[in-house]
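In: fold the following.
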Amino acid sequence: MSTPLTLVCWNFENNGKSDPHRRHAGDELLRSLNPDIVFRQELWDAGANGSTIFNEQVRTLGLNGVLGEGSCTALLYNPAKFSIVRDWTQSRAPHYVMPPTALTLRYEQAGPEALPFIAVSYHLNYASPTQRLLEAEWLTTWADKGWEMPEGTRVIVDAVCAGDNNSYPTPGTPSDPALPTLDAIKNAPHRLHRSYPASDGTRLPDTRPDAALRTAGLEDVARYWATAPHGDPTAVSRTVNACDTHGPDSRIDRAYATPNVLHAVEGADVIEVDEDLSDHHILRIRLNADRFAEILNRTVT
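Out: Take a look at the predicted model:
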């Protein structure tokens, strides 16, 4: 049996809050997880001076990487297992305040005839629920990309998108952190940022990006694993801690995948991080490597 593929998503706050020691500690924490793909957000200083910091971080992790526009997001990947087929990073930038990093990757174990897949690291807008919904809607376009087969047919490839949603999952999953009552968010601007106006003028906690992604056929991987017969309900643990100004525990960081990918999921959990290191915890997804190869070859049963 092959070793599972490990995918992690982390909004490492301000890339270590501009503190090299904190940044190194965060990189070492990621390295200890032996990730095969890392979906990162908030790498503000990583692109300065010819991406010196980003290149150092990539070396620390022993991965290859692509830093997105404005150092808002990045994707890192294990070059022994994946290779880039296409870089989409500049393709959707006008629609985002914080542009995502998107790559079409080939999984080498799947073989030369297998389909590639798309990986997207994203960070939805912090302040505007209207902008956030627009960004989520554009994110769904990566779940509808075709690949031309040797015989000339076009096949839609699978996608995995992971990032900071700055909004809440739709309620209904046991163990999912409850939606906040808006009065529990003491900071008035943040209360605005995390809600949207209903038709009667009242404001509701913002779950619209989640609804948009799921309407487009993308599935919340942690939700899937929490409710699967063989899964773990703790997969939907908080990714951001409660605080006085921003309200209760919430699951802001999420990974979404096209339905085929779910056949390969064999684990999802949240690795809690000390608040001094980052304000977000790490989401980890494990994929069965052999099953993922079967999916990309469209031979899964």
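In: tell me which element residue 270 falls in.
Out: Assigned by DSSP states H and E, residue 270 belongs to strand 265-271.
In: export that strand to PDB, keeping only CA atoms.
Out: Listed next in PDB are the C-alpha coordinates belonging to strand 265-271 (Å, rounded to 0.1, in the frame of the first residue of the first chain):
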ATOM      1  CA  VAL A 265     -10.200  11.000   0.800                       C
ATOM      2  CA  GLU A 266      -9.100   8.900   3.700                       C
ATOM      3  CA  GLY A 267      -8.700  11.500   6.300                       C
ATOM      4  CA  ALA A 268      -9.300  15.200   7.300                       C
ATOM      5  CA  ASP A 269      -8.300  16.900  10.500                       C
ATOM      6  CA  VAL A 270      -7.300  20.300  11.900                       C
ATOM      7  CA  ILE A 271      -3.900  20.800  13.500                       C
END
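In: okay, the angle between the next helix or strand after it and strand 265-271?
Out: Using DSSP H and E, the helix or strand that follows strand 265-271 in sequence is strand 282-287. With axes from the mean of the first three to the mean of the last three C-alpha atoms, to 10 degrees defining the directions, strand 282-287 sits at 170 degrees from strand 265-271.
In: pull the CA atoms of the helix or strand following strand 282-287 into PDB?
Out: For strand 282-287, the following helix or strand on the C-terminal side (DSSP H and E) is helix 289-296. The C-alpha atoms that make up helix 289-296 are tabulated as PDB, following Å, rounded to 0.1, in the frame of the first residue of the first chain:
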ATOM      1  CA  ALA A 289      -2.500   7.700  -3.500                       C
ATOM      2  CA  ASP A 290      -3.500   4.600  -5.400                       C
ATOM      3  CA  ARG A 291      -7.100   5.600  -5.500                       C
ATOM      4  CA  PHE A 292      -6.200   9.100  -6.600                       C
ATOM      5  CA  ALA A 293      -4.200   7.700  -9.500                       C
ATOM      6  CA  GLU A 294      -7.300   5.500 -10.400                       C
ATOM      7  CA  ILE A 295      -9.500   8.600 -10.400                       C
ATOM      8  CA  LEU A 296      -7.100  10.500 -12.700                       C
END
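In: buried residues in helix 289-296?
Out: Buried positions in helix 289-296, judged by neighbour count with 16 or more other C-beta atoms under 10 Å: 289, 291-296. For every residue, glycine as well, the C-beta is placed using N, CA and C.
In: stretch 20-32 now?
Out: Buried-residue list, stretch 20-32, by 16+ other C-beta under 10 Å: 22-23, 25-27, 29-30.
In: cool, stretch 76-95 as well?
Out: For stretch 76-95, a neighbour-count test (16+ other C-beta under 10 Å) marks 76-78, 81-82, 84, 88-89, 92 as buried.
In: coming back round to it: for the buried residues of stretch 20-32, give me CSV that also has distance to residue 232 and pLDDT.
Out: Formatted as CSV, the buried residues of stretch 20-32 follow (distance: C-beta to C-beta, whole Å; pLDDT from 0 to 100):
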residue, distance to residue 232, pLDDT
22, 30, 97
23, 31, 97
25, 28, 97
26, 25, 98
27, 27, 98
29, 22, 98
30, 22, 98
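In: how about CSV for those, with distance to residue 159 added?
Out: Shown next, in CSV, are these (distance: C-beta to C-beta, whole Å):
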residue, distance to residue 159
22, 32
23, 29
25, 32
26, 27
27, 27
29, 27
30, 23
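In: where's the residue lying closest to residue 228 once chain neighbours are set aside relative to residue 168, distance?
Out: Spatially, and ignoring its direct neighbours in sequence, residue 228 is nearest to residue 265 (7.8 Å; C-beta to C-beta, 6 or more residues apart in numbering). With distances taken as C-beta to C-beta, to the nearest Å, residue 265 is found 22 Å from residue 168.
In: if we can go back for a sec, looking at the buried residues of helix 289-296, which is nearest residue 211?
Out: residue 295 (25.7 Å; C-beta to C-beta).
In: where does that closest one land on pLDDT?
Out: Note for residue 295: predicted pLDDT of 97.
In: the residue lying closest to it once chain neighbours are set aside and residue 143: what is the separation?
Out: Setting aside the residues directly before and after it, residue 295 is nearest to residue 260 in space (C-beta to C-beta, 6+ apart), at 5.1 Å. Per C-beta to C-beta, residue 260 is found 11 Å from residue 143.
In: go on, residue 203?
Out: In terms of C-beta to C-beta, residue 203 sits 29 Å off from residue 143.
In: quick one: work out the angle between the strand holding residue 270 and helix 289-296.
Out: Using the same axes, to 10 degrees: strand 265-271 against helix 289-296 is 120 degrees.
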